[in-house]
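Q: Sequence first, predicted model second:
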Amino acid sequence: MSRRRAAAASLRRGGRRAVPSGKGASPRGGTPAPALTLHLFSDPVEIKALRRDLLAWYDRCKRDLPWRTLAATEPDADRRAYAVWVSEIMLQQTQVATVIDYYNRWMQKWPTLQTLAQASLEEVNELWAGLGYYSRGKRLQEAARKVVSELAGRMPRTAEDLQKLLPGVGRYTAGAIASISYGQATGVVDGNVIRVLCRLRCIGADSNSPAVIDHLWDMANALVDRSRPGDFNQALMELGATVCVPKAPLCGDCPVKQHCRAWRRVEKELAFASQKLFRKPAPVLDVEDCGAAGCPLCPPATEPWDSSLGVTNFPRKAAKKQPRVARTATCVLERRGCQGALEYLLVQRPSSGLLAGLWEFPSVPLAQDLQEEKQREALADHLQAWLGQPVPAGGLQLIGEVVHIFSHIHQTYVVYSLPLDEDVTSDPASSPSRWVTEEEFHASAVSTAMKKVLKAHEKQRRKESSSGQGSKRKRGAKTEGVSSTCSGTQLSLRAFLRPPTAS
Ligand code: SF4
């Protein structure tokens, strides 16, 4: 075991002999050495006070959220756990304000595990559209099916079983469901809790490192209030979301500032600075510091405490991996439907991988640094393979570029449009496809990125019509006065495109 790992493991066992050597080493068999207590809650009186202060604040200030109401009022344990579970999955990587509407619609449509288990993936994707991280909805539905088919519709009753038996339920989600729904005294560690705990106990090592994460889980489990575990966990997360925020924490309003060592350090530095300013006898700055050599929880020696950052010295994260850069050519294929309304062709993505099962405009990945002409040819080839008929690259009108950031991909869509004025038939061997009106497009399971693509296309259309160029597209076939196509999803490619000169 590495020295840092050994020190972390020792800390988890109660802080004794947290480091094998150095001035932080604890006395034999006694309480943790004074230096190491910096990173611990070792005083039961303080733990009690922290629980009391945090819960009192939560009772006064908590936000009124639909999943909280359900968790507090639903008498059936399975329904209650399901309601909490849905909220926890939706809240992963997503703001509360965004989630509320999705949550209400979801619970209205599928109020129980059983109703969700009967839904199709298409329905789930449609409701999830725009929320991002689409695999979450799919996994939630798969897990609901498992509970119904293998567990007789009964949700596992402990955090351990929830994590073990439900696909997509990790340690955090299991702890949240068990503490909020069943009152199990188990802690939770999410991004908000990491921030709060790292500040409360001056933990400045990489907050993604196993040593820090293990330590925070131990701390969360030790701190959680035994009589109100669900409220305590929510209070800690609420504090991180509303007061102990990443960039400008509201320490003055914080209900637990008296227990916060980062805040205490800042206060001491301020007092020290003002004494110096008024030329009072120079005191020695008595900052709390761990000082243990090789401490796995302190900031690295190369990045010590920076006074200008104050409490935001904590937490620290290792530099994020740069997102992969990707380019995709995408084509808005449009026609006039039988009612005269514009319709767009959507194709379905594969059932696994990024944006699995969602609908999109026909798209093809591009190599980097490809000339525009080559991009256009690649897209035309893709459309040709998909439609089974030649598609002249010159018929594609370049709309522009749309950038969308996925968690790990910096994606640029090079957007083209292609107006059709005849029926076309897609190759039956290709992906499922369908024509949709604009209204249907927005109700479909399409990603936010595709909504941006359509927006760019509409913007271009408005620009052209206001400048009177609607029927004078440089490269595309005409969009005005195209013949109606009323064949539903059946497309035929006969006379699919007119050559550009014919428009
Ligand atoms: Fe966070 Fe400031 Fe409260 Fe400490 S005092 S927990 S840094 S808001």
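A: Received the coordinates, thanks.
Q: For the stretch 301-450 of the chain, what lies in contact range of the ligand?
A: For the stretch 301-450 of the chain, the contact set with the ligand under CB under 6 Å from any ligand atom comprises Val311. Quick note: C-beta positions are derived from backbone N, CA and C, even for glycine.
Q: for the stretch 301-450 of the chain, what are the low-confidence residue spans?
A: 422-429 (pLDDT under 70).
Q: Point me to the residue of it nearest the ligand.
A: At 3.8 Å from the ligand, Val311 is the closest residue in the stretch 301-450 of the chain, using CB to the nearest ligand atom.
Q: dump the residue contacts of the residue lying closest to that residue once chain neighbours are set aside.
A: If the residues on either side of it in the chain are set aside, Val311 comes closest to Ala262, at 4.1 Å by CB to CB, 6 or more residues apart in numbering. Ala262 makes contacts with Arg199, Leu200, Cys202, Gly310, Val311, Asn313, Phe314, as judged by CB atoms under 8 Å, 6 or more residues apart in numbering.
Q: please redo it, this time with the cut-off set to 7 Å
A: The neighbours of Ala262, taking CB atoms under 7 Å, 6 or more residues apart in numbering as the test, are Arg199, Cys202, Val311, Asn313, Phe314.
Q: Can I get the helix or strand hosting Ala211 in PDB, CA atoms only?
A: In this structure, Ala211 sits in helix 210-223 according to DSSP states H and E. Provided in PDB are the C-alpha atoms of helix 210-223 (Å, rounded to 0.1, in the frame of the first residue of the first chain):
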ATOM      1  CA  PRO A 210      -9.900   7.500  -3.700                       C
ATOM      2  CA  ALA A 211      -8.300   8.700  -0.400                       C
ATOM      3  CA  VAL A 212     -10.500  11.800  -0.200                       C
ATOM      4  CA  ILE A 213     -13.600  10.100  -1.500                       C
ATOM      5  CA  ASP A 214     -13.300   7.300   1.100                       C
ATOM      6  CA  HIS A 215     -12.700   9.800   3.800                       C
ATOM      7  CA  LEU A 216     -15.700  11.900   2.900                       C
ATOM      8  CA  TRP A 217     -18.000   8.800   2.900                       C
ATOM      9  CA  ASP A 218     -16.800   7.900   6.300                       C
ATOM     10  CA  MET A 219     -17.400  11.400   7.500                       C
ATOM     11  CA  ALA A 220     -20.900  11.600   5.900                       C
ATOM     12  CA  ASN A 221     -21.800   8.300   7.600                       C
ATOM     13  CA  ALA A 222     -20.500   9.500  10.900                       C
ATOM     14  CA  LEU A 223     -22.300  12.800  10.700                       C
END
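Q: From the contacts of Ala262, which land in helices?
A: Arg199 (DSSP state H).
Q: Make a markdown table out of the contacts of Ala262 and add distance to Val364 and neighbour count.
A: What follows is the contacts of Ala262, written out as a markdown table (distance: CB to CB, whole Å; neighbours: other CB atoms under 10 Å):
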| residue | distance to Val364 | neighbour count |
| --- | --- | --- |
| Arg199 | 47 | 27 |
| Cys202 | 51 | 24 |
| Val311 | 48 | 22 |
| Asn313 | 47 | 21 |
| Phe314 | 45 | 26 |
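Q: Among the contacts of Ala262, which pair sits farthest apart?
A: Cys202 and Val311 (9.4 Å; CB to CB).
Q: got the contacts of Ala262 as a markdown table, with distance to Ala385 columns?
A: Shown next, in a markdown table, are the contacts of Ala262 (distance: CB to CB, whole Å):
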| residue | distance to Ala385 |
| --- | --- |
| Arg199 | 55 |
| Cys202 | 59 |
| Val311 | 57 |
| Asn313 | 55 |
| Phe314 | 54 |
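Q: and Gln92, how many neighbours?
A: 16 (other CB atoms under 10 Å).
Q: Look at the nearest residue to it once chain neighbours are set aside and say how many residues are nearby.
A: Spatial nearest neighbour of Gln92, chain neighbours left out: Arg136 (6.5 Å); criterion: CB to CB, 6+ apart. Arg136: 18 surrounding residues under other CB under 10 Å.
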